[in-house]
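Engineer: For reference, the sequence and a predicted model appear below.
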Amino acid sequence: MVTELDLGLGDGRTLHAYDTGVKGAAGGLAVLWHHGTPNIGAPPEPLFPAAKRLGIRWVSYDRPGYGGSTPHRGRDVASAASDVSSVADALGIDQFAVMGHSGGGPHALACSALLPERVLGVVSVAGLAPFGLEGLDWFAGMTASGATSLRAAAEGRAAKERYEASGAEYDPEFTSADLAALSDEWSWLADVVGPAVAAGPGGLIDDDLAYVAPWGFDPTQAIAPVLFLHGGRDRVVPSSHSAWLARRCPSAEVRFSSDDGHISILNSASAAMDWLRAHAE
């Protein structure tokens, strides 16, 4: 069962959070799920059986501007650490692991880098690397529509807002493996994408602006064990992003799946949870 709650923050914002556990419950491992773009933050139902087997408690929240969470104009990736601290404190959770898919990957890394005393381990699935740094052609291998959208964000908020208002269509160019996953258990993604899109582009705009701006932290400061998962056929976020991060993050492991795309790589997430349970000690 998933419990939903609204948390009032000191700056007047509200975070809408989700919890599959019981406040104050002892034992087990809390894992903070970081959702992709554009999603709401409900925890990943296809991974509930693995979580039950491993004694994992899912906790998550809608990033600002999505679902029930108040927009936070100008937020950077680093701001996720403060929001996660607020959620964990409200639920009586001292230490936890983090896991993110796609745009959730950078936000998971932010928590590890900025909350080293609290974060026990990290899994980043098909996550982005920082923008504009040496050693990575950030747009190489990305879909044409995805690159155009993010290039607009790199020009600033006004350009990104004009792009989203233009009605331009986004084609993720999903692989046949992605489409198979979306027609099977990962059809769940429609449940979190639909509400995010229906509410308008505000959350997506803030996400994309954050990805192409300075993140507000150095990912090499993520000292907890990190596992990067990436599909070799991913054109939403090319696998070169995880390769770049894995070369620079201490205690990092990387698992590339040559035949997987942006969605089908999630079929490896249950095994990654085994890794996380073993390393988050």
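Structural biologist: All right, it came through fine.
Engineer: helix, strand or coil for residue 97?
Structural biologist: Look at residue 97: counting by DSSP: H, G, I helix; E, B strand; the rest coil, its state is strand.
Engineer: ok, which stretches of the stretch 151-281 of the chain are helices?
Structural biologist: Assigned by DSSP state H, counting those that start in this stretch, the helices in the stretch 151-281 of the chain fall at 157-165, 176-182, 189-198, 202-211, 240-248, 269-279.
Engineer: what residue ranges in this structure are flagged as low confidence?
Structural biologist: 22-27 (pLDDT under 70).
Engineer: center of it - which residue?
Structural biologist: residue 104 (1.0 Å; Cα atoms, centre = their mean).
Engineer: Tell me who's in contact with it.
Structural biologist: Shown in contact with residue 104 (Cβ atoms under 8 Å, 6 or more residues apart in numbering): 33-36, 124-125, 127. Bear in mind the C-beta positions are built from the backbone N, C-alpha and C, glycine included.
Engineer: Excluding covalently adjacent residues, which one is nearest to it?
Structural biologist: Leaving aside its sequence neighbours, residue 104 sits nearest to residue 34 (Cβ to Cβ, 6 or more residues apart in numbering; 3.2 Å).
Engineer: Surely the one you found and residue 108 touch.
Structural biologist: Yes. Between residue 34 and residue 108 a contact is recorded at 4.8 Å, counting by Cβ atoms under 8 Å.
Engineer: which residues are common contacts for the two?
Structural biologist: Common neighbours of residue 34 and residue 108 (criterion: Cβ under 8 Å, 6+ apart): 98-100.
Engineer: Let me see the ranges of the strands in the chain.
Structural biologist: Along the chain, counting by DSSP state E, strands occupy 3-8, 14-19, 29-34, 56-61, 96-101, 119-125, 226-231, 252-257.
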